[in-house]
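Asks: Please find the sequence and the predicted model below.
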Amino acid sequence: MTLRIRPCAPGDAAALALVGQATFLESYAGFVDGQDIVAHTRAQHAEDLYACCLADPAVRLWLAEIDPGAAPVGYAMISPPDLPMAVGSGDLELRRIYLLSRFHGQGWGARLMSTAIDAARGNGARHLLLGVNSENRRALAFYARQGFAAVGRRRFQVGAHAYDDLVLARAL
């Protein structure tokens with residue numbers, strides 16, 4: 001299989017929405033209430049939301065595609081931070097990094113992460129921050145391997161329930 005990572009284009013909103021919905025469901029089904037997952041993905045992974053992100057010059061997105069036919073299997077997004085804590089001037093947030101679980105463990109998540117880190121550095125950021133569910137052990141282990149460490153906490157609302165997230169940071 002050949003995986004390609006490319007900068008997103010204006011027509012990629014549907015592919016981003018599909019991957020966002022699928023990976024959120026994969027990650028949290030059985031942990032988050034089913035009705036909350038459906039409501040959350042409709043709101044937070046809607047095609048029009050991604051179209052707005054693609055039109056925002058402060059947001060950068062990359063799509064991971066696999067042959068045949070360039071099927072979307074993951075993506076990464078960086079943006080100015082939207083976190084409940086003080087951040088440094090110019091710091092960026094890895095708002096999302098998603099990869100379908102079938103493709104975990106093959107180095108492709110690390111390739112997506114490297115793409116985001118390189119872009120953040122190129123943008124002059126000193127730190128890259130992210131939020132992750134405090135019980136998502138696989139993601140926490142991945143982020144630790146990528147050099148991220150806990151710097152804070154936040155509450156993350158999914159439907160009617162709030163969950164504990166850790167805020168992680170990595171110096172660039």
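Replies: Alright, I've got the coordinates. Note that the structure is predicted; figures quoted are calculated from it, not measured.

Asks: Quick check: most distant residue from the centroid of this protein.
Replies: residue 68 (24.1 Å; CA atoms, centre = their mean).

Asks: Tell me how many other residues crowd the residue lying closest to residue 159 once chain neighbours are set aside.
Replies: Distance criterion CB to CB, 6 or more residues apart in numbering; nearest residue to residue 159, sequence neighbours excluded, is residue 36 at 2.7 Å. Bear in mind the C-beta positions are built from the backbone N, C-alpha and C, glycine included. When neighbours are counted by other CB atoms under 10 Å, residue 36 registers 16.

Asks: Tell me how far residue 36 lies from residue 78.
Replies: Residue 36 sits 26 Å away from residue 78, going by CB to CB, to the nearest Å.

Asks: so what's residue 91 closest to, chain neighbours aside?
Replies: In space, residue 91 is closest to residue 127, 4.5 Å off (CB to CB, 6+ apart).

Asks: show me where this protein has helices.
Replies: Ranges of helices within the chain are 13-28, 34-44, 47-55, 108-122, 137-145, based on DSSP state H.

Asks: quick one: contacts for the closest residue to residue 20 other than its chain neighbours?
Replies: Among residues not flanking residue 20 along the chain, residue 45 sits closest, at 3.5 Å (CB to CB, 6+ apart). Applying CB atoms under 8 Å, 6 or more residues apart in numbering to residue 45 gives the contacts 16, 17, 20, 21, 24.

Asks: Mind putting the helices of the chain into TSV with distance to residue 171 and mean pLDDT?
Replies: Shown next, in TSV, are the helices of the chain (distance: least, CB to CB, whole Å; pLDDT from 0 to 100):
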stretch	distance to residue 171	mean pLDDT
helix 13-28	27	95
helix 34-44	29	91
helix 47-55	26	97
helix 108-122	10	97
helix 137-145	14	95
